[in-house]
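K.L.:
Need a 3D model of the sequence below.
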Amino acid sequence: MASETDIRTHKLVYGCMGLGGGWDTAPYTAEDIHRAETAIEAALTAGITAFDHADIYRYGKSEAVFGEVLARSPGLRERIVVQTKCGIRLPDGDRPGHYDLRGASIVRRVEESLARLRTDFLDVLLLHRPDPLADPREITAALASLHAQGLVRQFGVSNMNGPQIASLQAHMDLPLVVNQLEMSLHRRDWVESGVLFNTADAARNGFAPGTLEWCAANDVRLQAWSPIAQGRLTSHEDTRVNRLVAEIARHKGTTPESVLLWWLQRHPARIAPVIGTTRPEGISACADAVHRRADLTHEEWYELWVAARGIPLP
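P.N.:
The predicted model follows:
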């Protein structure tokens with residue numbers, strides 16, 4: 001039976017990319033730590049106990065300020081699930097940004113993340129993006145070593161399609177349990193790829209067919225990054241879809257943010273949104289995605305989809 005430490009049991013995840021100050025190498029400040037504390041407390045109050053990181057977020061400062069909060073909060077680490085990602089290298093001088101999933105690099109990045117987070121282990125490690133030069137056997141050997149040492153409990157990927165995940169899984173005894181993708185009512189290629197097959201619009205959809213089905217068949221939980229699309233559909237902009245989101249929220253006694261998260265959660269692919277706002281009120285607005293079922297009818301779900309498309313379904 002899955003436990004609360006299994007990332008697949010969590011309906012909503014808090015994304016920590018906004019914590020830690022600026023996207024630069026300047027040191028984080030006491031105010032950055034305070035803002036992180038405030039956001040983490042708001043997430044916990046909303047019922048969110050899974051936290052998503054990446055080693056590159058704010059040049060490592062997102063993990064570092066989170067580690068400061070953990071150090072100041074005895075017992076907090078045991079109450080939460082901590083997930084981070086590795087595999088992207090940011091530009092450095094004349095060196096361009098690139099991907100690096102060499103085995104030794106994975107191990108080194110995990111060790112650095114553990115130090116910044118001030119924890120002895122990660123609940124989940126995701127490979128952030130595919131590295132075309134990586135050897136799947138080298139990757140999986142590194143992951144097996146990290147697991148055997150007790151440094152990482154579960155593994156997954158981000159921004160990968162079904163065949164890419166299958167290629168890794170073929171060399172692993174441990175299951176890959178997460179695939180994190182950009183998914184929202186605004187970014188709909190993941191759902192439209194299935195219905196645009198055998199239409200003239202299919203060639204314009206770049207989402208890899210079969211990825212959702214592969215993940216579902218292999219118990220890989222989908223996580224949706226940018227699920228509220230930076231507030232595009234919860235703003236006061238007078239568009240058909242914005243008006244419909246607000247109308248459904250009023251009718252259901254909830255917030256526009258929760259309606260958008262329900263739209264993802266209502267899909268049978270079992271999607272866990274990763275919210276990223278640092279505003280406590282914005283985090284609180286998502287609480288119904290934890291505490292209530294995805295309260296959209298079949299017809300309401302389609303009304304939202306068609307309104308966002310702006311044109312009828314094929």
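K.L.:
For residue 164, give me its contacts.
P.N.:
Residues in contact with residue 164 (CB atoms under 8 Å, 6 or more residues apart in numbering) are 130, 157. Where you see a C-beta, it was placed from the backbone N, CA and C, and this is true even at glycine.
K.L.:
Could you measure from it over to residue 67?
P.N.:
Separation of residue 164 from residue 67 (CB to CB, to the nearest Å): 31 Å.
K.L.:
And for residue 201?
P.N.:
Taken as CB to CB, the span from residue 201 to residue 67 is 46 Å.
K.L.:
neighbour-wise, which of those two wins?
P.N.:
Of the pair residue 201 and residue 67, residue 67 is the one with more neighbours under other CB atoms under 10 Å, namely 22 against 12.
K.L.:
Skipping its backbone neighbours, what lies nearest the more buried one in space?
P.N.:
Excluding its sequence neighbours, the residue lying closest to residue 67 (CB to CB, 6 or more residues apart in numbering) is residue 118, at 3.8 Å.
K.L.:
Ok, residue 167 next?
P.N.:
Closest residue to residue 167 apart from its sequence neighbours, by CB to CB, 6+ apart: residue 136 at 5.4 Å.
K.L.:
Any figure for the gap between the one you found and residue 223?
P.N.:
The separation that residue 136 has from residue 223, given CB to CB, amounts to 22 Å.
K.L.:
Looking at those two, which one has more neighbours?
P.N.:
Between residue 136 and residue 223, counting by other CB under 10 Å, residue 223 is the more crowded of the two (29 against 15).
K.L.:
Next, the contact list for the more buried one, please.
P.N.:
By CB under 8 Å, 6+ apart, the neighbours of residue 223 are 13, 52, 178-181, 271-274.
K.L.:
That one should be in a helix, yeah?
P.N.:
No: going by DSSP: H, G, I helix; E, B strand; the rest coil, the assignment for residue 223 is strand, not a helix.
K.L.:
Let's verify the closest residue to it other than its chain neighbours: helix, strand, or coil?
P.N.:
In this structure, residue 223 finds its nearest non-sequential neighbour in residue 180, 4.1 Å apart by CB to CB, 6+ apart. Secondary structure for residue 180, judged by three-state DSSP, is strand.
K.L.:
how about residue 180, what does it touch?
P.N.:
By CB under 8 Å, 6+ apart, the contact list for residue 180 reads 52, 85, 126, 156-159, 222-225, 274.
K.L.:
Tell me the buried residues in the host helix or strand of residue 167?
P.N.:
Element membership of residue 167, judged by DSSP states H and E, is helix 162-169. Buried positions in helix 162-169, judged by neighbour count with 16 or more other CB atoms under 10 Å: 162, 164-165, 168-169.
K.L.:
how about the CA coordinates for it, as CSV?
P.N.:
Output of helix 162-169 as CSV, limited to C-alpha atoms (Å, rounded to 0.1, in the frame of the first residue of the first chain):
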residue,chain,number,x,y,z
GLY,A,162,6.9,7.7,-23.1
PRO,A,163,9.6,6.1,-25.2
GLN,A,164,12.3,8.0,-23.4
ILE,A,165,11.0,6.9,-20.0
ALA,A,166,10.7,3.3,-21.2
SER,A,167,14.3,3.4,-22.4
LEU,A,168,15.4,4.3,-18.9
GLN,A,169,13.0,1.9,-17.2
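K.L.:
Residue 169 contacts residue 176, doesn't it?
P.N.:
Yes: counting by CB atoms under 8 Å, residue 169 touches residue 176, with 5.4 Å between them.
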